[in-house]
Structures are given as structure tokens and as C-alpha cells.
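J.: quick one, what's the 3D model for this:
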Amino acid sequence: MILRTAAAVTTAFLATAAVALSALPAPSAAPAPTRWVTQAGTYDYLVTPDYTGLMPISDVLGKATIGLGTFDHLDGELVLIGGTVYRVGTDGIPAPADLDSTTPFFQGVAFAPQAAVSIPAGTECSALTPVIDELAGTTDGVVAVRVSGSFDSLSARSVPRQEQPYPPLSDVVADQTVFPLADVRATLVGFRTGASAMGIGAPGLHLHGLTTDRSAGGHVLSCTVNRARLYVQVTRGVRVHTG
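T.: Take a look at the predicted model:
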């Protein structure tokens with residue numbers, strides 16, 4: 001993600017978040033892990049590179065309500081919100097996905113947030129990871145994340161369909177189509193992956209999102225919050241399906 005926040009701004013955000021957190025019921029300990037992330041493929045599988053679908057989305061979706069991923073041949077960004085799977089192609093317009101479509105990479109979870117905090121205006125998405133870790137009580141494992149609210153700016157992307165022999169993922173991303181959005185309401189969903197799950201999920205914070213009116217979305221590159229809430233769920237881990 002694009003880092004545009006100075007250290008002083010990040011420090012101020014953490015202080016503000018601590019005040020907001022103090023208004024929540026104080027847990028006796030860090031949230032206990034709950035529910036498994038269901039997953040098709042791995043991040044390492046994508047960077048092999050191999051973008052061939054491993055299984056139909058319907059076979060891995062289960063009861064997941066939020067999630068992200070991509071489609072066979074890397075043909076668009078997958079966004080799962082409210083139990084509905086959307087595809088965002090290079091036109092930037094979300095559409096309900098065909099669940100018979102196959103996926104080389106998908107992560108989803110039945111989202112049941114355990115902690116939440118208001119995000120101060122002006123906060124960048126790149127500054128969210130330490131706050132997620134504070135809410136989750138850990139820097140490790142896989143934490144499910146939802147951010148809902150209004151954004152002064154939101155930059156999303158999608159990539160074109162790839163054909164064999166597949167180019168490296170870095171080359172694909174270099175040819176991405178970027179959708180710069182301003183003054184939008186949106187929901188962002190995804191996962192913060194710690195060291196113990198590296199290679200299974202994308203490293204760090206990985207978010208996909210849709211605008212509230214479902215007119216735009218994709219893989220989130222950056223954002224600036226106007227007014228939003230951050231919700232987290234500590235997961236039990238990841239159950240990987242490979243077809």
C-alpha cells in the first residue's frame with residue numbers, strides 16, 4: 001500500500017485510537033480466536049506464478065460473509081461482502097460473480113467482529129496495521145478486518161486476464177488499471193497476515209472493497225478516511241483447499 005502518513009500523524013492516530021478503545025468494554029484478555037478462514041490456494045501459489053483456477057468458488061465459499069481473492073487466469077478482483085461475491089474487472093464496475101467460476105486464490109470467513117474502534121479523519125489505510133494489532137492483541141496469525149464509512153479518497157485497482165505462460169505477479173501488477181475515487185462511502189474487507197501465515201496469505205494488510213452504491217471497487221491500494229469504523233476478528237487459522 002502507498003505510505004503517505006508521517007510518523008507524527010501515525011503516533012497521533014494511535015493516541016486517538018487508544019482513547020476510542022477506552023470507551024469500549026475492557027476485555028479481560030486479548031480476543032480469543034474464533035472461526036476458521038476458509039481458503040482456496042495460497043499466496044505462494046500465485047507468485048509461482050500460477051493463476052489457473054483450483055476449484056469453483058461455490059466449493060470453498062461455505063458460510064463466509066466477507067473475503068477476497070481473484071478468478072481463473074487472474075481475471076478480476078474478487079470481493080465478498082455480506083455473503084455476496086462480486087467481481088471487479090478492469091472497467092472498475094462490480095458485478096455479482098458466477099459461483100461456478102473457479103478461483104486460484106480465495107479467503108473468506110463468517111465475520112463476527114470482536115472489537116471495534118473509530119478511525120480519526122485523515123487516517124491513511126497504510127496506518128491501520130498497528131491499530132488492528134492493538135485491537136487483536138497480537139501481531140501474529142490471521143486477523144479478519146472490515147472498515148466501513150466515508151473516505152476522502154480511495155484508490156482501487158484490477159488487473160487484466162492473463163494467459164499461459166503466466167508472467168510474474170509483479171509484471172501483472174505493473175499493468176494494473178487504477179480507479180481513483182473521491183468522497184465515497186465504502187466497505188473494505190480483508191485480512192492482516194502475521195509471520196506464522198506468510199506465504200499462505202498476502203503479507204501484511206490485504207484489503208478489497210466496494211463503494212456502498214456498488215458502483216466501484218477492487219483491490220485497495222490506498223485510502224484516506226473521512227469517518228469510519230474498524231472492526232476485527234481474531235481467527236483460529238486457515239483451512240486451505242487445493243482442489
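J.: could you measure from residue 41 over to residue 33?
T.: Residue 41 is 22 Å from residue 33, where distance means Cβ to Cβ, to the nearest Å. The C-beta positions use only the backbone N, C-alpha and C, and glycine is treated the same way.
J.: of the two, give the one with the bigger neighbour count.
T.: residue 41 (26 against 17; other Cβ atoms under 10 Å).
J.: any idea how many residues pack against residue 125?
T.: If you count neighbours by other Cβ under 10 Å, residue 125 ends up with 26.
J.: check residue 178 too.
T.: Look at residue 178: counted by other Cβ under 10 Å, it has 13 neighbours.
J.: OK, contacts around it?
T.: Contacts here follow Cβ atoms under 8 Å, 6 or more residues apart in numbering; on that basis residue 178 touches 155, 156, 157, 221.
J.: paired strands for the one helix or strand it maps to, with orientation please.
T.: According to DSSP states H and E, residue 178 maps onto strand 177-193. Take DSSP bridges as the rule and strand 177-193 pairs in its sheet with strand 142-158 (antiparallel), strand 204-211 (antiparallel).
J.: what does the shortest one contact?
T.: Counting by Cβ under 8 Å, 6+ apart, strand 204-211 makes contact with 1, 68, 77-79, 81, 86, 88, 94, 125, 128-129, 132, 145, 147, 154, 156, 181, 184-193, 216-220, all of which sit outside it.
J.: now do the buried residues in that strand.
T.: Of the residues in strand 204-211, those buried under the neighbour-count criterion (16 or more other Cβ atoms under 10 Å) are 205, 206, 207, 208, 209, 210, 211.
J.: do a quick rundown of the helices in the chain.
T.: Under the criterion DSSP state H, the chain contains helices at 7-22, 43-46, 57-61, 129-136, 169-174.
J.: in the last one, which residues are buried?
T.: Of the residues in helix 169-174, those buried under the neighbour-count criterion (16+ other Cβ under 10 Å) are 169, 172.
J.: run the chain-centre distance for it.
T.: Centroid separation between helix 169-174 and its chain, computed with Cα atoms, centre = their mean, to the nearest Å, is 19 Å.
J.: low-confidence regions, the protein specifically.
T.: Applying pLDDT under 70 to the chain picks out residues 1-29.
J.: sorry, back to before: just the buried ones from the contacts of strand 204-211, in ChimeraX syntax?
T.: Applying 16+ other Cβ under 10 Å to these leaves a buried subset, and the ChimeraX line that selects it is:
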select :1,68,77,78,79,81,86,88,94,125,128,129,132,145,147,154,156,181,184,186,187,188,189,190,191,192,193,216,217,218,219,220
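J.: out of the strands paired with strand 177-193, which is closest to residue 241?
T.: The closest of the strands paired with strand 177-193 to residue 241 is strand 142-158. By Cβ to Cβ, the value is 15.5 Å.
J.: got the angle between the closest one and helix 129-136?
T.: For strand 142-158 against helix 129-136, the angle by axes from the mean of the first three to the mean of the last three Cα atoms, to 10 degrees is 150 degrees.
J.: residue 56 contacts residue 100, correct?
T.: Yes. Residue 56 lies in contact with residue 100 (Cβ atoms under 8 Å); the separation is 5.3 Å.
J.: neighbour count for these two, which is higher?
T.: Under the neighbour definition other Cβ under 10 Å, residue 56 and residue 100 were set side by side, and residue 56 has more, 17 against 9.
J.: show me what that one is bridged to.
T.: residue 102.
J.: tell me, how many residues neighbour the spatially closest residue to residue 196 that is not a sequence neighbour?
T.: Ranked by Cβ to Cβ, 6 or more residues apart in numbering and with sequence neighbours excluded, the top spatial neighbour of residue 196 is residue 140, at 5.2 Å. Neighbours of residue 140 under the rule other Cβ under 10 Å: 13.
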